[in-house]
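K.L.:
generate coordinates for the sequence data below:
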Amino acid sequence: MKKLILVQWNVKTGPLNIVQFPPEEDIIPNEFLLKIWAKHEMKSDSNFCSLKEGKKYYCSLLKIHKIENQPYFIILELEIKDDVRIFEEILENVADDLINNVGKPYFSHVLTETYTTIKLNSDLDEFQIFLRLFEDKNRIDILQVLRKGVLSKRKMHDLLEEQFGYANLNLDLLLTPFIRLGMISVINDAGSDNSFYLTYDAYVCKIPPKQPPKVAEIEEKITKYFSIPPIIDDDLVQDIVKLHQQPGVKELNSLLREDVPNGIDYEIALTTVKNNPTILEELERLSFIYIYEEKRVFLFSILQFVKFNPSYLLPILKKRYESKEISLEQLIHQIEFIS
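P.N.:
From the prediction side, this is the model:
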């Protein structure tokens with residue numbers, strides 16, 4: 001991403017105010033803004049669009065200020081190599097805070113912070129993207145539907161409404177983590193709208209630390225705990241994922257991994273999680289850490305996301321093809337993806 005641009009729009013006269021970060025002299029030209037506006041007008045089913053012309057590459061989110069009823073374009077100038085699909089969710093998450101602070105004394109600070117947030121979120125590593133996926137019940141339910149194999153966009157909407165009561169979900173937005181993780185492929189099949197193909201499935205589990213703690217009592221507990229591979233139950237996944245996104249938990253895990261045998265001082269652990277003892281209590285309750293005699297904290301288990309080939313789909317696909325739920329083309333594509 002090169003630049004964040006915020007445009008206040010008037011439907012009669014066009015752009016009213018344009019601000020950007022970094023604050024360079026080179027401002028996006030009005031004729032290009034008109035093209036973005038026209039693209040939004042054509043996309044009645046979505047408030048997100050992208051536009052590439054020559055060496056310039058932009059994506060834009062149209063957002064209406066709830067109080068002023070004023071439309072805004074939140075525009076990103078991208079690198080040609082950027083995957084535009086990942087930015088819709090990011091922009092949706094920052095949009096309200098950005099436009100609600102327009103005109104306030106500290107707006108320039110908000111603009112800078114928004115730019116930084118977008119940069120950080122577009123550069124998430126695989127573990128962090130998995131956290132995004134499994135924190136959202138909608139996405140967990142979508143994964144359940146994807147485990148039937150290839151589905152058209154319309155069919156997925158229907159199944160999500162039938163099975164979970166969801167209506168009018170923004171699938172393009174919700175599927176972003178799946179795409180970033182390489183778990184699905186999207187193909188426009190002949191005679192159909194976009195179809196989603198499951199290329200990898202995933203499960204959530206715990207793994208033991210590579211080295212045991214020096215305290216024999218804790219080592220025995222870890223050995224006993226992992227005598228049965230602990231794949232995490234679906235009803236616990238969201239709570240565990242949200243806990244791992246609490247302030248300081250990522251840093252705490254890093255500290256604990258640096259010296260698994262000796263652990264770290266309890267006060268250091270508490271400081272790392274912003275002096276919130278409840279976080280340490282929850283991590284211990286869910287068997288991620290062990291607090292020994294209220295003095296030292298040891299790593300007990302590590303959260304792990306595992307991708308695997310969904311070969312279990314083969315008999316499901318056979319039945320779906322025989323019952324004419326999917327076409328021969330869809331069947332072949334899905335088999336290719338899992339083989």
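
K.L.:
and the nearest residue to Thr176 once chain neighbours are set aside, how many neighbours?
P.N.:
For Thr176, ignoring the flanking residues on the chain, the nearest one in space by C-beta to C-beta, 6 or more residues apart in numbering is Glu89 at 4.7 Å. All C-beta spots, glycine's among them, are computed from the backbone N, C-alpha and C. The tally of other residues near Glu89 (other C-beta atoms under 10 Å) stands at 19.

K.L.:
could you do the one 5 residues further on as well?
P.N.:
Other residues lying near Val94 total 19 when counted by other C-beta under 10 Å.

K.L.:
then Phe337?
P.N.:
Phe337: 19 neighbours (other C-beta under 10 Å).

K.L.:
on the three-state scheme, it is what?
P.N.:
helix (DSSP: H, G, I helix; E, B strand; the rest coil).

K.L.:
list the contacts for it?
P.N.:
185, 197-199 (C-beta atoms under 8 Å, 6 or more residues apart in numbering).

K.L.:
doesn't the residue nearest to Thr176 belong to a helix?
P.N.:
Yes: membership of Glu89 in a helix is supported by three-state DSSP.

K.L.:
and it, how far from Asp141?
P.N.:
17 Å (C-beta to C-beta, to the nearest Å).

K.L.:
and for Leu91?
P.N.:
Leu91 is 24 Å from Asp141, by C-beta to C-beta.

K.L.:
for the two, work out which one has more neighbours and name it.
P.N.:
Between Leu91 and Asp141, counting by other C-beta under 10 Å, Leu91 is the more crowded of the two (23 against 18).

K.L.:
give me the pLDDT value at the more buried one.
P.N.:
Turning to Leu91, the model gives it a pLDDT of 92.

K.L.:
go on, Ala95?
P.N.:
Ala95 is given a pLDDT of 92.

K.L.:
so it sits right up against Leu61, yeah?
P.N.:
Yes: taking C-beta atoms under 8 Å as the definition, Ala95 is a contact partner of Leu61 at 5.9 Å.

K.L.:
which neighbours do those two share?
P.N.:
With C-beta under 8 Å, 6+ apart as the test, Ala95 and Leu61 both reach Ile74.

K.L.:
the residue positioned nearest the centre of the chain: which element?
P.N.:
Nearest residue to the geometric centre of the chain (C-alpha atoms, centre = their mean): Arg132, 3.8 Å. Element membership of Arg132, judged by DSSP states H and E, is helix 126-134.

K.L.:
try Tyr197
P.N.:
Secondary structure (DSSP H and E) places Tyr197 in strand 194-198.

K.L.:
quick one: what helix or strand has Lys155 in it?
P.N.:
Per DSSP H and E: helix 153-164 holds Lys155.

K.L.:
any idea of the mean pLDDT in that helix?
P.N.:
Mean predicted lDDT for helix 153-164 stands at 90.

K.L.:
where does Ser192 land on pLDDT?
P.N.:
59.

K.L.:
and the one 5 residues further on, by the same measure?
P.N.:
Looking at Tyr197, its pLDDT is 95.
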